[in-house]
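Enquirer: Pasted the sequence and its predicted model underneath.
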Amino acid sequence: MVQASSQSFQSTQGNNPQAEAFEALLNTYGHGFERGLVVPALVMGYEGNGVVVDIGAKTLAILPPREVNHGHTDNIPELLPVGSKLDVYVMREDDHEERFIVSRKRVSQARTWEELADLLKNDGTLHCVVTGSVKGGVLVDVQGLRGFVPASHLRIREDISEIMGKELPLKIINLDPQNNNLILSHKKVVQDQVAEQRKDVFGKLEVGTLVEGDIVRLTDFGAFVDLGGIDGLLPLSQMSWRWVEHPSDLYKIGDKVTVEIIGVDPDRGRISLSIKSQYQDPWNEVSNALGYGDKVEGTLTRIKHFGAFVEVYPGVEALLPSKEMADYESANSIQLKQGDRIAVYIAKFQPEERRIALSFNLTGEDGAGEYTPVASAPTEESAAV
């Protein structure tokens, strides 16, 4: 929609048929140009510092100086002479002047939005430079557009201040050209990369093979080991043939370990690991070392309401019933505790069922058992069996 006279702009054509035709066009109205459209235009003349362009359908529009390009120009007629053809972006309709306002510099932006829409549709990845930080995330440059990466979608090990000026791989999660809103995610790229790594790793893993890895997390029930892009679980029960109270008793984050793969479940994304499987099961050896009625020395490893567990052979625990403990403590005015060394008799011996029962008084004579307190529990080196 344009209402202007030929006197309101300067034409380089003078008084000629083209100028008369242009003057007629100035008094016409156009319809159907929506905000955001990119349309071809023809330079018809100048108005003040702006450019008058014909955008078709008998419609003239104004191209303001600030919308000519991304830089500055001192001589717009020289840059865009009358008769020049260009593409312009329809910004809005000026209600006061009843004419369209268009932009040349936003054409590239509009095309960038189109490219980004295709990228979003195809789940593509962008590589963008971090330009600044704001509350809740960081800003990035996306081919001249400003994008925002929420803090919750960042997966970086360094501080945010350390990634300024650096390039991040990103995926689009929200695209709104009308409101100039572009939200991106670094987390999604990392997740996709991990998923691909998991496929590769799972394809190479076989039950029974030994692999090296780094301990990356400790929990009450075990340790997670990074096997090169995927984590496997080393359960507490698979760390040692000896009793282990907590993974931190043996390992710390960053330790390198050699583990055996004892289970692979690609569908659930789980890998089960073992360290103790690399060593001989001590229960297969104890029958040759101990027997019924033997007097043995051992270390109290755990005390429960039903009795105490005593390690009588490396990796083999036997049960001392609570009544035996209570009678002995009462008779000797002492209290047994974890880590104590005691001398006892083997009252029941069933290694094939992994059961050994102990007694202080196998023969029924008082004082048959012996008690020797020690200052500390078994060493870390011995506990690693």
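Expert: Sure, I can see it.
Enquirer: going forward, measure contacts between C-alpha atoms and count neighbours the same way
Expert: Noted.
Enquirer: Pop the domain breakdown of this protein in here.
Expert: 6-107, 123-190, 205-278, 290-383 (automatic domain parsing).
Enquirer: Turn these into a markdown table, including distance to Ala117 and mean neighbour count.
Expert: What follows is the domains of the chain, written out as a markdown table (distance: least, C-alpha to C-alpha, whole Å; neighbours: other C-alpha atoms under 10 Å):
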| stretch | distance to Ala117 | mean neighbour count |
| --- | --- | --- |
| domain 6-107 | 14 | 17 |
| domain 123-190 | 7 | 16 |
| domain 205-278 | 31 | 17 |
| domain 290-383 | 59 | 16 |
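Enquirer: Figure out which of the ones you listed is closest to Gln197.
Expert: Gln197 lies closest, by C-alpha to C-alpha, to one member of these: domain 205-278, at 5.6 Å.
Enquirer: In terms of secondary structure, what does the strand or helix carrying Val190 contact?
Expert: In the assignment (DSSP states H and E), Val190 maps to helix 187-204. Secondary-structure packing of helix 187-204 (3 or more C-alpha pairs under 8 Å, 6 or more residues apart in numbering; DSSP states H and E): strand 167-176.
Enquirer: Report the inter-axis angle for the strand it packs on versus helix 187-204.
Expert: Angle between the axes of strand 167-176 and helix 187-204 is 120 degrees (criterion: axes from the mean of the first three to the mean of the last three C-alpha atoms, to 10 degrees).
Enquirer: Need the residues that contact strand 167-176.
Expert: 116-117, 119-120, 123-130, 181-186, 188-189 (C-alpha atoms under 8 Å, 6 or more residues apart in numbering).
Enquirer: pretty sure Leu86 contacts Ala41?
Expert: Yes - taking contacts as C-alpha atoms under 8 Å, Leu86 lies within contact range of Ala41: 5.3 Å.
Enquirer: hmm, back to that, show me which positions of the helix holding Val190 end up buried.
Expert: Within helix 187-204, the residues scored as buried using 16 or more other C-alpha atoms under 10 Å are 187-190, 198, 202.
Enquirer: quick one: which of the contacts of strand 167-176 sit in helices?
Expert: Mapping these onto helices (DSSP state H) picks out 116-117, 119-120, 188-189.
Enquirer: Output the residues you listed in a markdown table, with pLDDT appended to each entry.
Expert: Formatted as a markdown table, the ones in helices among the contacts of strand 167-176 follow (pLDDT from 0 to 100):
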| residue | pLDDT |
| --- | --- |
| Leu116 | 94 |
| Ala117 | 94 |
| Leu119 | 94 |
| Leu120 | 94 |
| Lys188 | 93 |
| Val189 | 93 |
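Enquirer: quick revisit: need the residues that contact the helix holding Val190.
Expert: Taking C-alpha under 8 Å, 6+ apart as the rule, helix 187-204 contacts 125, 153-155, 169-171, 228-230, 264, 266.
Enquirer: Using JSON lines, please lay out these together with pLDDT and distance to Arg341.
Expert: Shown next, in JSON lines, are these (pLDDT from 0 to 100; distance: C-alpha to C-alpha, whole Å):
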{"residue": "Thr125", "pLDDT": "94", "distance to Arg341": "63"}
{"residue": "His153", "pLDDT": "93", "distance to Arg341": "54"}
{"residue": "Leu154", "pLDDT": "92", "distance to Arg341": "53"}
{"residue": "Arg155", "pLDDT": "87", "distance to Arg341": "50"}
{"residue": "Pro169", "pLDDT": "95", "distance to Arg341": "59"}
{"residue": "Leu170", "pLDDT": "96", "distance to Arg341": "60"}
{"residue": "Lys171", "pLDDT": "96", "distance to Arg341": "61"}
{"residue": "Gly228", "pLDDT": "77", "distance to Arg341": "43"}
{"residue": "Gly229", "pLDDT": "71", "distance to Arg341": "44"}
{"residue": "Ile230", "pLDDT": "81", "distance to Arg341": "42"}
{"residue": "Val264", "pLDDT": "89", "distance to Arg341": "41"}
{"residue": "Pro266", "pLDDT": "80", "distance to Arg341": "46"}
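Enquirer: Cool, thanks, talk later.
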